[in-house]
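> fold the following.
(one chain, ligands or ions: 1)
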Amino acid sequence: MNAVERRQRPQSVDVLIVDDEEDIRELLELSLMRLGLACDAVGTVADAIARLEARRYRLCLTDMRLPDGDGLGLVEHIQAHCPGLPVAVITAFGSIETAIRALKLGAFDFVTKPVELKALRELVTHALRLGATGDKAAGTTPERALIGHSPAFMQLRAQAEKLARNQAPVFIHGESGTGKEVIARFIHSLGTRTAGPFVPVNCGAISPELMESEFFGHRKGSFTGAASDKQGLFQAASGGTLFLDEIGELPLAMQVKLLRAIQERAVRPVGAHAEEPVDVRLLSASHQDLGRLVAEGRFRQDLFFRINVITLRMPPLRERREDIPALAEHILARLAAREGGAPRRLSAAALHALQGYAFPGNVRELENLLERACAMCEGDEIDAADIELYPDQTASGWLTDSAAGPFGFQVPGDFGDHGGGGEPGQEPAADDAERLRIIRALEQTRWNRSAAARNLGMTLRQLRYRLQKWGME
Ligand SMILES: Nc1ncnc2c1ncn2[C@@H]1O[C@H](COP(=O)(O)OP(=O)(O)OP(=O)(O)O)[C@@H](O)[C@H]1O
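Numbering: from 1, shown residues only. You can find the predicted model right below:
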């Protein structure tokens, strides 16, 4: 660092650099200074802790191996003593496991050695934005309605708030209609990318032939029908979050391309000669057990590891029945706002009926059910008689601890690794469970697909997609 650069150092200190190699400390300091940031640089964990006690920083950037400890210890110290301070770790090339451990301990992000200026710039930009949005994670800013106060939901919410503060890919696992997209939006809204777009994609709804172009875009004339250049979903999500719902539905060929895009942080539009850099955070979700798909050879293990750095498990509604009254109230208020007039109330008997129901279609089914009930009910109060429940779905029949589900098998097959009982080998594949549920619903509605979809708590498009997949349409 030359004398002029030293004189230009701003007064406030933004970044604490922790690295035991002096030349790397200098290099990082210089690179960050050129981004207009002031730095302190130390070489040991003890010095880092002393500085953290003495000053406030906006980011801590630490090497992993230090003479008197490691970067993970410092990450833990910061979580405990300086909550809200983003900490990023510098890992040796190829040591992704260490990076993952750091992320799980609450690190914001990681960069690999040798540190590239571009990666460093991206990391710092997001970290400083995080500081600016830090209060949101504490819940002072209204975010998209996320209703639920049951212990299971509060735990999920706390995890999501923590995850919003880092850049790690998150896999959200849960049954249909549990709110996977809602939680993905929540993570996006509390993170550093909140000013950027949130782009949700249902991987199961894109035709395999168009997938590459949908994801990465295409150049005019690259195939019949490509009348002009088109941006892909990755480019559309740049600076924000790409949410890949039903990621288990991606064909293997597309999985390879997705992995490359994630690893390289770049995509090549169909018909283009060069790759374009993209800066997206990836969140993904599925109702399927990806581990099982990997074992069956239907999902690539390398992609699985890449997207599954952290898993969030969405509890089904029947495991958090305490949330039903608040959810119902929220939904009725929303329906009233749409239709006009005051929100309808639920009678005690109606609420009792709802709380005894298993909700195979989860919150989406509750929404559909209340919408129908509002249409049926004449007065201000919805009674039990106005609520049409899908038969044989008492909550007790669905309890995952020990009981067989309403169709005589363990439900839900896909969630056996999270507390479902029974011998693993005896569980049917999730697809089988879902197929049976859908066939039942179709039989009960005399194959009226719209009515069946409503009863199942899914959209007609989702039902048709599943029927097509099983060759039933
Ligand atoms: N905690 C919640 N608070 C408020 N609304 C919720 C909550 N959870 C789910 N919902 C509502 O339930 C519906 C289903 O949620 P969402 O689409 O996120 O579920 P999903 O798990 O992604 O479903 P699928 O797997 O079928 O795509 C949405 O209309 C959403 O607004």
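> in this protein, what helix or strand scores lowest on average pLDDT?
Least confident helix or strand of the chain, by mean pLDDT, DSSP states H and E, is helix 3-7 with a mean of 43.
> which ones are touching Arg121?
Going by C-beta atoms under 8 Å, 6 or more residues apart in numbering, Arg121 touches Leu35. (C-beta placed from N, C-alpha, C; glycine too.)
> can you name the helix or strand that it falls in?
helix 117-137 (DSSP states H and E).
> list the buried residues for the helix or strand following that helix?
Following helix 117-137 in sequence order, the next helix or strand is helix 151-164 (DSSP H and E). By neighbour count on 16 or more other C-beta atoms under 10 Å, the buried set for helix 151-164 is 152-153, 156-157, 159-164.
> nearest to Ala236 among those?
The shortest approach to Ala236 among the buried residues of helix 151-164 belongs to Ala164, at 20.9 Å (C-beta to C-beta).
> what's the closest non-adjacent residue to that closest one?
In space, and not counting its chain neighbours, Ala164 is closest to Leu190: 3.6 Å by C-beta to C-beta, 6 or more residues apart in numbering.
> now the residue nearest to Gln159 when sequence neighbours are not counted: how far from Arg461?
Leaving aside its sequence neighbours, Gln159 sits nearest to Leu312 (C-beta to C-beta, 6+ apart; 6.0 Å). From Leu312 across to Arg461, the span is 25 Å (C-beta to C-beta, to the nearest Å).
> which of these two has more neighbours?
Set Leu312 next to Arg461 and count neighbours by other C-beta atoms under 10 Å: Leu312 wins out with 19 against 12.
> host element of the more buried one?
strand 310-313.
> kindly report the same for Leu282.
strand 281-286.
> the ligand contacts on the chain?
When proximity is defined by C-beta under 6 Å from any ligand atom, the chain lies next to the ligand at 145-148, 174, 176-182, 245, 287, 330, 363-364, 367, 458.
> buried only: go through these for me.
Among those, those classed as buried by 16+ other C-beta under 10 Å are 146, 148, 174, 176-182, 245, 287, 330, 363-364, 367, 458.
> domain assignment for this structure?
Annotated domains of the chain cover 3-136, 151-313, 317-399, 403-473 [automatic domain parsing].
> mind listing what Ile438 touches?
452, 456, 463, 466-467.
> quick check: buried residues in the helix or strand containing it?
Secondary structure from DSSP H and E places Ile438 in helix 430-444. Using 16+ other C-beta under 10 Å as the test for burial, helix 430-444 gives 430, 433-438, 440-442.
> could you do stretch 229-240 as well?
230, 232-235, 237-238, 240.
> could you do stretch 37-54 as well?
37-43, 45, 47-49, 51-52.
> need the contact list for His77.
Residues near His77 by C-beta under 8 Å, 6+ apart: 45, 49, 52.
> and the pLDDT at it?
For His77, the model assigns a pLDDT of 91.
> please renumber so the chain begins at 2
In the new count, where the first residue is 2, that last one comes out as His78.
> and it, how far is that from Leu53?
Counting by C-beta to C-beta, the gap between His78 and Leu53 amounts to 8 Å.
> so what sits against both of these two?
Both His78 and Leu53 lack any common contact, where contact means C-beta under 8 Å, 6+ apart.
> contacting residues for whichever residue of the chain sits closest to the ligand?
The ligand sits closest to Gly180 of the chain, with a gap of 2.6 Å, by C-beta to the nearest ligand atom. Listed by C-beta under 8 Å, 6+ apart, the contact set of Gly180 reads 147, 315, 363-364.
> among these, which two are most distant?
The widest separation within the contacts of Gly180, taken as C-beta to C-beta, falls between Leu147 and Asn363 and amounts to 14.6 Å.
> what about the stretch 252-401 of the chain, any weak spots by pLDDT?
Within the stretch 252-401 of the chain, the segments meeting pLDDT under 70 span 391-401.
> now do the strands in it.
Here the stretch 252-401 of the chain has its strands, by DSSP state E, counting those that start in this stretch, at 267-268, 277-278, 282-287, 311-314, 346-347, 382-383.
> what's the most buried one of the ones you listed?
Among the strands of the stretch 252-401 of the chain, judged by mean count of other C-beta atoms under 10 Å, the one packed with the most neighbours on average is strand 282-287 (a mean of 26).
> what's that one in contact with?
168, 170-175, 181-182, 185, 188-189, 192, 194, 241-250, 263, 308.
> just checking, which of the buried ones among the residues of the chain next to the ligand belong to helices?
Judged by DSSP state H, helices contain the following of those: 181-183, 331, 364-365, 368.
> and which of the residues you listed is nearest Gly272?
Lowest distance from Gly272 to those (C-beta to C-beta) belongs to Glu182, with 31.4 Å.
> relative to helix 152-165, how tilted is the strand holding Leu283?
150 degrees (axes from the mean of the first three to the mean of the last three C-alpha atoms, to 10 degrees).
> could you dump strand 282-287 to CSV, C-alpha only?
Extracted C-alpha coordinates of strand 282-287, given in CSV (Å, rounded to 0.1, in the frame of the first residue of the first chain):
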residue,chain,number,x,y,z
ARG,A,282,-29.0,-17.2,-5.1
LEU,A,283,-30.5,-20.6,-5.6
LEU,A,284,-33.4,-21.9,-3.5
SER,A,285,-35.0,-25.2,-4.5
ALA,A,286,-37.9,-27.3,-3.2
SER,A,287,-39.6,-30.6,-3.7
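> adjacent strands (with direction) for it?
strand 171-174 (parallel), strand 242-246 (parallel) (DSSP bridges).
> would you turn these into a markdown table with mean pLDDT and distance to Pro198?
Below are these laid out as a markdown table (pLDDT from 0 to 100; distance: least, C-beta to C-beta, whole Å):
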| stretch | mean pLDDT | distance to Pro198 |
| --- | --- | --- |
| strand 171-174 | 95 | 17 |
| strand 242-246 | 94 | 8 |
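> if anything else comes up later, I'll come back, but that's it for now.
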